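>>> build me a structure from this.
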Amino acid sequence: MEAPRIDAHHHVWDLGVRAHGWLDAEKLAPIRRTFTLDRLAEHATAAGVGGTVLVQVLPDLAETVEFLALAAESELVAGVVGWVDLTAPAVAETLAGLSSGQAGQAGQSGRPGGQPGRVGHAGRSGGLVAIRHGVQAEPDPGWLTRPDVRRGLAAVASAGLAYDMLTLPHQLPAAIETVAALPELTFVLDHLSKPPITSGQLEPWASRIRELAAHPNVYCKLSGMVTEADWTSWRVADLRPYAETVLAAFGPERVMFGSDWPVCLLAADYERVVSAAEELCAGLSAGERADVFGGTARRAYRLGDV
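Numbering: from 1, shown residues only. Reported below is the predicted structural model:
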C-alpha cells in the first residue's frame, strides 16, 4: 500500500489574532485574509496528502506555541517548523521548553484566548521538528555566519531539530559556509532559495545550489516556485530547469514537495501546484517519486509513520 503523501511546507494565519504587516503590500491583497487548517484539509486530502509540515510565518514565539497547540489537535499536521530568536542567550532553554511541551518555559501563555495549549514533542507527530528564521529579510548577506547566529544554530542541533533556511540566491555563499561549519545540523533549504524564475536566469544560482548540495546534511524543498515565476502566465516548462537542477544536485532522496499554501494562491491553486510537481517528477522512478512526495520529509524531519 502506497504511503500517504507529505506536504512539507504550508502556513496558516488568523488576522484576527495578530497583524501580518507583510501582507500590506498591494500585490498580496488576494491572500490578505485568514487561512485555517480546515481550509487546507479538503484540498490536501484530495491530493493524497496524509500529513503536512506547518511552517512559521512571523518572527514571533507566541505564533510557534499556538502552531504547536493547533498541531497537537490536528490529524493532518505531522510536524511544526517554528521560530525562536537564534541570537538570544537563552535559546537552548527556549528550545527545550518548546520541545518538551512546557509552553511556559518558552515564555508564552499558549493559544489565542489565553488558554494554555498542549505542545507536541520533538520528533513526534504534531511536534516541533525544526526552526526557521526569515534570513531573506536580513540586510546582511552574511547573517548566517554571525557568531551569535552560529551559537543559536548549534543549539538547534543539540535539541535534535532541523533548521529551515529561507534565503535568497545572493545569500547562498553564507549558507554554504554555514552548513559546512555545522555538519551535525540538518538543514532544509526552502523554495530552492528563490531563484529568478521570471527571468529564466540560472547562474550563479545553479552553481551555488550544486555547491550547497555537496554537503550531505542539506535537504531541499521543491516548493515556492510558482510565486517566483510570472504569477499569471507561468508554465511548467518555466519551472523545469530549476527543478531539474535541484533534483540532479541533491537527488530525489534529499528533495521534498511543499505546496507553500496559501502563498501559492497568488499564482496557482493547491491542485495546480501539486500537478505541476507531479509533472516535474514524472521522469523519476516510482521510488524516487515516493521520496519527493513523502519519504524525504519523513527522514529529514523524523516524522515517523505518518
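
>>> list the contacts for residue 272?
residue 226 (CB atoms under 8 Å, 6 or more residues apart in numbering). In this view, the C-beta of every residue, glycine as well, is placed from N, C-alpha and C.

>>> swap that for residue 86, please
By CB under 8 Å, 6+ apart, the residues touching residue 86 are 131, 133, 148-149, 151-153, 155-156.

>>> format these as CSV; extra columns: pLDDT.
Shown next, in CSV, are the contacts of residue 86 (pLDDT from 0 to 100):
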residue, pLDDT
131, 98
133, 97
148, 98
149, 98
151, 98
152, 98
153, 98
155, 98
156, 98
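
>>> most neighbours of all those residues, which one?
residue 131 (26 neighbours; other CB atoms under 10 Å).

>>> which SSE is immediately downstream of whichever strand or helix holds that one?
Per DSSP states H and E: residue 131 is located in strand 127-133. For strand 127-133, the following helix or strand on the C-terminal side (DSSP H and E) is helix 147-158.

>>> if we can go back for a sec, any idea how far the strand holding residue 131 is from the chain center?
Distance of strand 127-133 from the chain centroid (CA atoms, centre = their mean, to the nearest Å) equals 9 Å.

>>> coming back round to it: check the contacts of residue 86 and tell me the two furthest apart.
Longest distance between any two of the contacts of residue 86 is 14.7 Å, between 131 and 148; criterion CB to CB.

>>> circling back to that earlier point, and of the contacts of residue 86, the nearest to residue 241?
Nearest member of those to residue 241, counting by CB to CB, is residue 133, at 28.7 Å.

>>> hey, where'd the helices end up in this structure?
Counting by DSSP state H, the chain has helices at residues 37-46, 61-72, 91-100, 147-158, 172-181, 205-213, 236-250, 270-280, 286-290, 296-301.

>>> tabulate the ones you listed (CSV), appending distance to residue 22.
Compiled in CSV, these are given as follows (distance: least, CB to CB, whole Å):
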stretch, distance to residue 22
helix 37-46, 20
helix 61-72, 13
helix 91-100, 23
helix 147-158, 22
helix 172-181, 22
helix 205-213, 24
helix 236-250, 24
helix 270-280, 21
helix 286-290, 34
helix 296-301, 25
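
>>> do you know which of those helices lies nearest residue 193?
Once those are compared by CB to CB, helix 172-181 is nearest, at 5.7 Å.

>>> buried residues, the closest one. List them.
Neighbour counts over helix 172-181 (16 or more other CB atoms under 10 Å) mark 172-176, 178-179 as buried.

>>> got the contact list for the closest residue to residue 279 other than its chain neighbours?
Nearest residue to residue 279 in three dimensions, chain neighbours excluded: residue 236, at 5.0 Å (CB to CB, 6 or more residues apart in numbering). Residue 236 makes contact with 276, 279-280, according to CB under 8 Å, 6+ apart.

>>> which entries within these meet the buried criterion?
276, 280.

>>> reformat the contacts of residue 236 as JSON lines; add pLDDT.
Conversion of the contacts of residue 236 to JSON lines gives the following (pLDDT from 0 to 100):
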{"residue": "276", "pLDDT": "98"}
{"residue": "279", "pLDDT": "98"}
{"residue": "280", "pLDDT": "98"}
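
>>> in TSV: the contacts of residue 236, plus distance to residue 244.
Formatted as TSV, the contacts of residue 236 follow (distance: CB to CB, whole Å):
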residue	distance to residue 244
276	13
279	12
280	8
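
>>> any idea of the pLDDT on residue 125?
Among the per-residue scores, residue 125 shows a pLDDT of 59.

>>> same question for residue 99.
So residue 99 comes in at 85 (pLDDT).

>>> what ranges in the stretch 101-250 of the chain fall below the confidence cut-off?
102-125 (pLDDT under 70).

>>> redo that, cut-off 90
101-126 (pLDDT under 90).

>>> any idea how far residue 155 is from residue 278?
As judged by CB to CB, to the nearest Å, residue 155 and residue 278 stand 38 Å apart.

>>> check residue 290 too.
12 Å.

>>> elements contacting the strand holding residue 131?
Using 3 or more CB pairs under 8 Å, 6 or more residues apart in numbering; DSSP states H and E as the contact test, the elements touching strand 127-133 are helix 61-72, strand 77-82, helix 91-100, strand 162-165.

>>> out of those, which is closest to residue 4?
By CB to CB (comparing all of the helices and strands packed on strand 127-133), the closest turns out to be strand 77-82, at 9.6 Å.
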